[in-house]
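Asker: only geometry, no sequence info:
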């Protein structure tokens, strides 16, 4: 009995190792990169749940899925809104909004810029105003916030105006919410932060 078990294990290992030399097949059709954003979104709508469509668009736009890039966020997102209906549309919209909200500041800025739906002058202010929600929802410490702000500053690159506007929006919320549910340590550290 032990000889048969050992033979079965060896055969299983041999068969499993043979598959390693095969070319990895894509989960997308061969022409996927050439069918445009609307075509790629259509394919995902037909083959995945609506919340996956939202993740597909956002991660594709951020370059996290090289096999399935999204070149124009506005086209991809608008197409999903045109095709999806009912509960599927509701799930897509909820996941899209939740995912954008949960992105690190740099990625969130990039998605807003790629979507083209935000006034570039007002984007920094909006990000600053919205950031307090992220701090509250995730119970971020002073160290977490400081680390994220440093990363965001790097993501802004040479666009120092974006970073300055962000700080103005963030400090505005700090002042308005001071004495409520904002920890005093957060207020003290960031009210004069540069």
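Answerer: Great, that's in hand. Keep in mind that this is a model prediction, so the values were computed, not measured. Numbering: from 1, shown residues only.
Asker: mind listing the helices for the protein?
Answerer: Here the chain has its helices, by DSSP state H, at 2-18, 36-47, 50-61, 73-83, 86-102, 105-115, 120-137, 142-156, 160-177, 184-190.
Asker: minimum distance to residue 30: which of these has it?
Answerer: Among the helices of the chain, helix 36-47 comes nearest to residue 30, with 12.1 Å by C-beta to C-beta. Backbone N, C-alpha and C define where each C-beta goes, glycine included.
Asker: so which residues make contact with that closest one?
Answerer: Here helix 36-47 makes contact (C-beta atoms under 8 Å, 6 or more residues apart in numbering) with 28-29, 32, 35, 52-53, 56-57, 60, 68, 70-72, 75-76, 79-80, 83-84.
Asker: do the same with stretch 59-75
Answerer: Contact with stretch 59-75 is made by 26-28, 32-33, 36-38, 40, 56-57, 76, 107, 110-111, 114-117, as judged by C-beta under 8 Å, 6+ apart.
Asker: ok, now stretch 111-128?
Answerer: Stretch 111-128 is contacted from outside by 58, 61-62, 72-74, 77, 100, 103, 105, 108-109, 161-173, using C-beta under 8 Å, 6+ apart.
Asker: repeat the analysis, applying 6 Å as the threshold.
Answerer: 61, 73-74, 100, 162, 165-166, 169-170 (C-beta atoms under 6 Å, 6 or more residues apart in numbering).
Asker: picking that back up, can you say which of the contacts of helix 36-47 are buried?
Answerer: Buried by 16 or more other C-beta atoms under 10 Å: 28, 53, 56-57, 60, 68, 70, 72, 76, 79-80, 83-84, out of the contacts of helix 36-47.
Asker: max pairwise distance over the residues you listed: which two?
Answerer: Using C-beta to C-beta, the buried ones among the contacts of helix 36-47 reach their maximum pairwise distance at 28 and 84, which is 19.8 Å.
Asker: from the contacts of stretch 111-128, pick the one nearest residue 150.
Answerer: The closest of the contacts of stretch 111-128 to residue 150 turns out to be residue 166 (C-beta to C-beta; 12.6 Å).
Asker: what ranges of the chain fall below the confidence cut-off?
Answerer: Scanning the chain for pLDDT under 70 picks out 1-26.
Asker: any idea which of the helices of the chain is most buried?
Answerer: With neighbours taken as mean count of other C-beta atoms under 10 Å, the helices of the chain reach their highest mean count in helix 50-61, at a mean of 21.
Asker: for that helix, what is the distance to the chain centroid?
Answerer: From the chain centre to the centre of helix 50-61 is a distance of 9 Å (C-alpha atoms, centre = their mean, to the nearest Å).
Asker: what's the answer for stretch 119-133, then?
Answerer: Chain-centre distance of stretch 119-133: 17 Å, with C-alpha atoms, centre = their mean.
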